[in-house]
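# Sequence and predicted structure are below.
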Amino acid sequence: MNPLECYPVVDLGPLMKGMVIGGLGIFHVFLAQFAIGGGMLLCCMQWLHMRGRCSLSRSFSHGYFKVLVSFVLGAVTGVAMWFTTIQISPRTIGVMVHGFHWVWATEWSFFCLEVVVGYLLYRYGPWLPDRARLQLLVLYAFASWMSLFWINGIPAWQLTPGDLLTSCSVWDGFLNPGFLPSLIFRTVSSVAVASLAACVLINFAGRLSREQRESLVLLRNWNHLCS
């Protein structure tokens, strides 16, 4: 008997398999891209604070980073994605793991770095000097974006396998025709989601005046806006 035919059949009833994966995937991707774009946004805010161009950005960024700890939920929903997809389509997941296991291992290494640096920022961020804080933020943004870079090639391969079908090369599958467009789109989406979330938090911050909110949204000092 073919061992690939021994997998149990999972019946989710009216939910349907595609809706379960799609619903969980949307939630997971939103949290993950929010964490990636948030790291880039915080780097920008810290750099502007050090340049004296947005004096409120450092004080706001720590509160924003507490919201950004959503990367923990992103990790949990990532595990949930693994569990769900293995239950629904184990043969597909088996093929992907067999072909891209080293790519996934590399992505997990960067994700572990992201989590460690994120915890350091969450625990010690308010007391760090500006230069050390910026260095950690750059490391966090780099690790999170590299996690996106490595994982991006695998779902893109599912849509556009490219030369993998003939060459059986991992790199032909990873660097497929949809890799670069997907990477650019995901990066821009991450920054957009994080920026919109920051605008919402700024407008709901009751302790800030209207002028301070405008200063944070535009990432400029209020005296520059008046000139």
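Yep, that arrived.
# where does the chain have low pLDDT?
Applying pLDDT under 70 to the chain flags residues 1-17, 55-57, 63, 65-72, 74, 205-206, 208, 220-227.
# mind listing the helices for it?
Ranges of helices within the chain are 17-50, 57-68, 70-88, 90-124, 130-159, 164-167, 170-174, 179-203, 210-218, 222-226, based on DSSP state H.
# Adding mean neighbour count as columns, could you present these in CSV?
Quick note: C-beta positions are derived from backbone N, CA and C, even for glycine. Shown next, in CSV, are the helices of the chain (neighbours: other Cβ atoms under 10 Å):
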stretch, mean neighbour count
helix 17-50, 20
helix 57-68, 18
helix 70-88, 16
helix 90-124, 15
helix 130-159, 19
helix 164-167, 12
helix 170-174, 18
helix 179-203, 16
helix 210-218, 15
helix 222-226, 11
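# separation between the closest residue to E107 other than its chain neighbours and D163?
Leaving aside its chain neighbours, E107 sits nearest to W150 (3.8 Å; criterion: Cβ to Cβ, 6 or more residues apart in numbering). Distance, W150 to D163, by Cβ to Cβ, to the nearest Å: 19 Å.
# and if you look at L73?
37 Å.
# and if you look at D130?
Applying Cβ to Cβ, the value for D130 to D163 is 48 Å.
# Same question for I26.
In this structure, I26 and D163 are 30 Å apart, going by Cβ to Cβ.
# residues in contact with G178?
By Cβ atoms under 8 Å, 6 or more residues apart in numbering, the residues touching G178 are 156-157, 159-160.
# One more pass at 7 Å, please.
Listed by Cβ atoms under 7 Å, 6 or more residues apart in numbering, the contact set of G178 reads 156, 159-160.
# Nearest to V138, out of the residues you listed: which one, please.
A156 (26.4 Å; Cβ to Cβ).
# My read is that that closest one contacts F179, right?
Yes: look at A156 against F179 with Cβ atoms under 7 Å: they come within range, at 5.0 Å.
# show me the contacts for L41.
191, 194-195, 198.
# Now distance to C112 too, for these, in JSON lines please.
Shown next, in JSON lines, are the contacts of L41 (distance: Cβ to Cβ, whole Å):
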{"residue": "V191", "distance to C112": "23"}
{"residue": "A194", "distance to C112": "21"}
{"residue": "S195", "distance to C112": "27"}
{"residue": "A198", "distance to C112": "26"}
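# Name the nearest of those relative to W82.
A194 (25.0 Å).
# How much space separates the spatially closest residue to that closest one that is not a sequence neighbour from I26?
Residue nearest to A194 in three dimensions, not counting chain neighbours: G37, with 3.2 Å by Cβ to Cβ, 6+ apart. Note on G37: its distance to I26, by Cβ to Cβ, is 16 Å.
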